[in-house]
Structure formats: C-alpha cells, structure tokens
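Peer 1: sequence isn't available, so here's the structure alone:
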C-alpha cells in the first residue's frame, strides 16, 4: 500500500510559479512510476507529467511542456512538479499518482492516488 499526500497548491497570478510536492509512504517508492494529473472544474482528470521509477525519463502533456518540470527524490520518497509561467487554464485540482507502468497517459495505469491540491491562477 502506498499513501500519497500533495502540498504546495495555492492562488497565484498568471506568469507566477508554484512547486507542488507529493510525499509518499512505504519503502517501495523508488520502484514506482510517479505521475501528476489535474482536473479542471467540470472537466475530466487529465495527464500532466510522469517520471519513471529511476528518474531517468520524463513525459509531459503538450499543454505543459516547456513550462512544467517533474522530478523526484527517492531518498525523500517525494515527487515534485515545478510549474512556471502559469496560465489561468492551469487552474485545477492537481493529483499525484503512483503506478507500475511508464509511458501511459491513462489514469488506469496508476494504482494509488493522493487527495489533490488546488491550484488557482488568476488573470
């Protein structure tokens, strides 16, 4: 069992930056692919970014490529999402997830989910 707790969300203005963190429990963190998803108001949850278990490969949705960076610290059992040049359309609840498959943007590829952290970007 893996438990995930996101933090770092908030209300910012367009152009600002935020860093989300996802702290995990369990001794097998380093064996999981970690992903970030987001769910805008009244929309489906969508893939944002993923990082393979060793950290050597990352993947991003087109909408965030070049602005967001996912990273992980296996010693701290934590994954991060650095978000720069934020836009109002980035407003969403952001979820951290852990899974065994890398390369899929599907929610079904992830087994464990956090409760989410709200990010609101004002124009």
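Peer 2: Yep, it's here. It should be emphasised that the depicted structure is a prediction, and the values quoted were computed from it without experimental measurement. Residues are numbered from 1 along each chain as shown.
Peer 1: doesn't residue 108 fall inside a helix?
Peer 2: Yes. Per DSSP: H, G, I helix; E, B strand; the rest coil, residue 108 lies within a helix segment.
Peer 1: backbone phi and psi for the most centrally placed residue in the chain, please?
Peer 2: In the chain, the centroid-proximal residue (Cα atoms, centre = their mean) is residue 36; its distance is 2.3 Å. In terms of degrees, to the nearest 10, the main-chain angles of residue 36 are phi -120, psi 130.
Peer 1: and what of the one 4 residues further on?
Peer 2: Note on residue 40: its backbone torsions stand at phi -70, psi 160 [degrees, to the nearest 10].
Peer 1: look up the closest residue to it, ignoring the ones flanking it.
Peer 2: Nearest residue to residue 40 in three dimensions, chain neighbours excluded: residue 92, at 4.4 Å (Cβ to Cβ, 6 or more residues apart in numbering). From N, CA and C alone the C-beta is placed, and that goes for glycine too.
Peer 1: all helices for the chain, in order.
Peer 2: Taking DSSP state H, the chain contains no helices at all.
Peer 1: strands of that one, residue ranges please.
Peer 2: For the chain, the strands defined by DSSP state E cover 4-7, 10-13, 18-24, 33-39, 46-51, 58-60, 68-73, 78-83, 92-99, 110-113, 117-122.
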